[in-house]
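J.: Quick one: sequence and predicted model below, then my questions.
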Amino acid sequence: MRLNEAALKKQIALLQRIGIPSDHEDEVPIALSPSVMGMLNLVTVAINHQTTPVHGVALTGTIFGRERRGWDYLRESFLAAARHDASIVSPSRLAEFTIAQLNSILKGSPIKRPKERVELLHDIGTKMCEAGWEDIDALYRGAQRALLRKDGSGILQQLAAFRAYADPLRKKSNYFCAIMQNQGLWRFRDPGNLGPPVNYHESRLLARLGILRIADPELHEKLRRGWEVTEEEDFALRKAAYRAIVRVAKALNVSPSAMHYLDWNFARNCCTRSNPHCTGCDASCVLPTRYRIGEHENPRCVFSDICPSRDLPEGERLLDPFSETIWH
């Protein structure tokens, strides 16, 4: 899939004018030991796919006194559970994890395909126990802090042994490593090898901006109607989005991870599937304060002035690539 060079240049020019924040995760509401926090990150990222799906109910609930959804609710639910019992994310417990435990941690909030997610945790726990690892820091130490190594023992390469992290585009692996880096838990010898963790939100945003050139009429119709795409189509969209993010990051002299966080935050909070904030953000917008950047008095999607989808009627804007995948 080709990129639209003109649209890409518009995004670069806009962000060169206004700048972008550095990438970091929101602060966690409770403190855990570095070892437990690393395992909690590994576990939650492993099952962080389709939490706000095109079709089906989004993962939502109240946690730590706040309404949360998707990834935020997933992560904070596990934080609350680990505060009471840190061993819940240990390899031995993961190897025997149950659907009932998952439902208990999520307090009954429905999550798609729970059996599949539990099996992913079993795989991680079993393989870590077989390797004699008590926590994921053992992998980090064994890789000597390198993301990639010629002998295949780099962090990203070893993570691919876990089924949840075997995505050829390394979405979950890149995201997990970005979190570990941003929380100050890991420091990499080769941070330039950390790519953007592209998911369906970014594919939707970049398709609407016209950066992804959707030349296939059948694929365009699938994205417009929210129909299921093939595995090959999903991969092509994410790979193109990956290339676009890397291109923009290089032009702005920022990390691909920083560019991912910008696109992802605007996609999930402003460039929503329905009722996108093209002309203004309403009271429901929970875009983090650090991303409230732009050249307008009224808060709105930062990309609205360069977006060819801005004035399209409901039903004509492209939606996420819907796919029953475990990668994103």
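T.: Now that the structure is in, tell me what you want to look at. Numbers count the residues shown, from 1 in each chain.

J.: Neighbours of P191, how many?
T.: 13 (other Cβ atoms under 10 Å). To be clear about C-beta, it is placed using only N, CA and C from the backbone, and glycine gets the same treatment.

J.: just checking, L139 touches Q157?
T.: No - here L139 does not reach Q157: they are 10.2 Å apart, not a contact under Cβ atoms under 8 Å.

J.: Settle it for me: which of the two has more neighbours?
T.: L139 (20 against 17).

J.: residues in contact with L209?
T.: 7, 11, 303, 306-309 (Cβ atoms under 8 Å, 6 or more residues apart in numbering).

J.: ugh, typo on my part, it should be G142
T.: Per Cβ under 8 Å, 6+ apart, neighbours of G142: 153, 158.

J.: Quick check: chain neighbours aside, which residue is closest to E76?
T.: I63 (4.4 Å; Cβ to Cβ, 6 or more residues apart in numbering).

J.: For the stretch 1-150 of the chain, give me the ranges with low pLDDT.
T.: 25 (pLDDT under 70).

J.: ok, which stretches of it are helices?
T.: For the stretch 1-150 of the chain, applying DSSP state H, counting those that start in this stretch gives helices covering 5-18, 34-46, 70-84, 91-94, 99-105, 114-131, 137-142.

J.: quick one, which of these is packed in tightest?
T.: With neighbours defined as mean count of other Cβ atoms under 10 Å, these peak in mean count at helix 34-46, which reaches a mean of 23.

J.: Distance from that helix to the middle of the chain?
T.: 15 Å (Cα atoms, centre = their mean, to the nearest Å).

J.: before we move on, back to that, what distance do you get for the residue nearest to E76 to A81?
T.: Computed with Cβ to Cβ, to the nearest Å, the distance linking I63 and A81 is 10 Å.

J.: Then M37?
T.: The value you get for M37 to A81, if Cβ to Cβ is used, is 13 Å.

J.: returning to that earlier point: could you name the stretch from the helices of the stretch 1-150 of the chain that's closest to D282?
T.: helix 70-84 (18.9 Å; Cβ to Cβ).

J.: Which elements pack onto that closest one?
T.: helix 34-46, strand 60-63, helix 99-105 (3 or more Cβ pairs under 8 Å, 6 or more residues apart in numbering; DSSP states H and E).

J.: what's the burial count for the closest residue to A166 other than its chain neighbours?
T.: Leaving aside its sequence neighbours, A166 sits nearest to A160 (Cβ to Cβ, 6+ apart; 5.1 Å). Applying other Cβ under 10 Å, we find 17 residues neighbouring A160.

J.: show me what contacts A160?
T.: A160 neighbours (Cβ under 8 Å, 6+ apart): 166, 170, 173.

J.: repeat that with 10 Å
T.: 152, 154, 166-168, 170, 172-173 (Cβ atoms under 10 Å, 6 or more residues apart in numbering).

J.: Among those, which one sits closest to P217?
T.: Using Cβ to Cβ, these come closest to P217 at P168, 26.6 Å.

J.: so which strand or helix has the nearest residue to the closest one once chain neighbours are set aside?
T.: Closest residue to P168 apart from its sequence neighbours, by Cβ to Cβ, 6+ apart: F235 at 7.4 Å. Per DSSP states H and E, F235 falls inside helix 231-252.

J.: Run through the neighbouring helices and strands of that helix.
T.: For helix 231-252, the contact count by 3 or more Cβ pairs under 10 Å, 6 or more residues apart in numbering; DSSP states H and E identifies helix 5-18, helix 171-182, helix 200-208, helix 217-225, helix 256-269 as packing neighbours.

J.: Columns distance to T44 on top of those, output as TSV?
T.: Shown next, in TSV, are the helices and strands packed on helix 231-252 (distance: least, Cβ to Cβ, whole Å):
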stretch	distance to T44
helix 5-18	29
helix 171-182	9
helix 200-208	17
helix 217-225	28
helix 256-269	16
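
J.: deepest of the ones you listed, which one?
T.: Highest mean neighbour count among the helices and strands packed on helix 231-252 (mean count of other Cβ under 10 Å): helix 200-208, a mean of 26.

J.: relative orientation of that helix and helix 5-18 in degrees?
T.: Relative orientation of helix 200-208 versus helix 5-18 (axes from the mean of the first three to the mean of the last three Cα atoms, to 10 degrees): 110 degrees.

J.: Any figure for the gap between D311 and T279?
T.: Taking Cβ to Cβ, one finds D311 at 10 Å from T279.
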